[in-house]
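Participant: sharing a sequence plus its predicted fold:
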Amino acid sequence: MKILLNHEMHETSKGDRPVVPTAFAPLREKQFLYMPQKLSSGFTLIELMVVLAIAALGVSLVTPNMIRSYESFKVSAEERKLVELLASVRMKAFLRNSAYVIQLKDNIFILANKDVQVYFNYIEFPTQQITINEHGFWDVPRISYQLSNQSGMKTIESLPDAS
């Protein structure tokens with residue numbers, strides 16, 4: 001049997017079966033390879049579970065560090081608050097030319113002259129009394145306090161008295 005391919009005549013090598021021209025061979029292969037596929041409209045349950053497991057692992061690794069950082073920020077904010085309170089009282093004593101008495105006990109900062117009390121959550125004081133004179137200087141060399149998340153005492157040094 002002979003078939004026409006590219007305007008030429010070729011002999012078939014398969015006996016009685018016609019040979020598909022080479023120009024149509026890709027079409028024939030595509031017909032056999034093409035299988036109708038079901039369209040996916042979402043994710044499978046396993047895919048969702050894997051994504052959730054990865055997200056949960058990430059959250060479990062990050063959360064403890066974030067909590068420690070948050071507590072550390074709160075502690076350092078209270079330390080700044082204490083330093084600012086002391087600086088404010090010193091400035092008022094100097095500007096008003098009057099002495100102030102500060103009492104520190106447990107977690108309370110008490111400005112005795114003005115009946116002002118400031119409570120701290122992360123700072124504890126040994127009982128101490130500080131007098132700030134009309135020049136803004138303390139009568140003690142240092143103020144001691146302890147942070148609730150640390151074991152050692154910390155101090156704030158006073159400036160040397162000019163008088």
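Facilitator: Alright, I've got the coordinates.
Participant: what comes into contact with the biggest strand by length in the chain?
Facilitator: Assignment by DSSP state E gives strand 123-132 as the longest strand of the chain. Applying CB atoms under 8 Å, 6 or more residues apart in numbering, the external contacts of strand 123-132 come out as 75, 78-79, 82, 89-90, 93, 99-109, 138-140, 143-148, 153. Where C-beta positions appear, they are placed from N, C-alpha and C, glycine not excepted.
Participant: same question, stretch 103-119
Facilitator: Identification of contacts with stretch 103-119 by CB under 8 Å, 6+ apart yields 81-82, 85, 89, 98-102, 120-121, 123-130, 143, 145.
Participant: can you rerun that using 6 Å?
Facilitator: When contacts are defined by CB atoms under 6 Å, 6 or more residues apart in numbering, stretch 103-119 is touched by residues 100-102, 120, 124-125, 127-129.
Participant: now do stretch 145-155
Facilitator: 75, 122-125, 142, 144.
Participant: with stretch 41-48 instead?
Facilitator: With CB under 6 Å, 6+ apart, stretch 41-48 has no contacts at all.
Participant: ends of it, what's the gap?
Facilitator: By CA to CA, to the nearest Å, the extent of stretch 41-48 from end to end equals 14 Å.
Participant: most neighbours, which of the contacts of stretch 145-155?
Facilitator: Neighbour counts for the contacts of stretch 145-155 (other CB atoms under 10 Å) peak at Ile123, which has 21 neighbours.
Participant: mind listing the helices for this protein?
Facilitator: 25-33, 45-96 (DSSP state H).
Participant: backbone phi and psi for the closest residue to Ser72 other than its chain neighbours, please?
Facilitator: Using CB to CB, 6 or more residues apart in numbering and skipping residues adjacent in sequence, the residue nearest Ser72 is Asn149, 7.9 Å away. Recorded main-chain torsions at Asn149 are phi -100, psi 10, according to degrees, to the nearest 10.
Participant: roughly how far does Asn149 sit from Glu47?
Facilitator: Taking CB to CB, to the nearest Å as the measure, Asn149 and Glu47 are separated by 43 Å.
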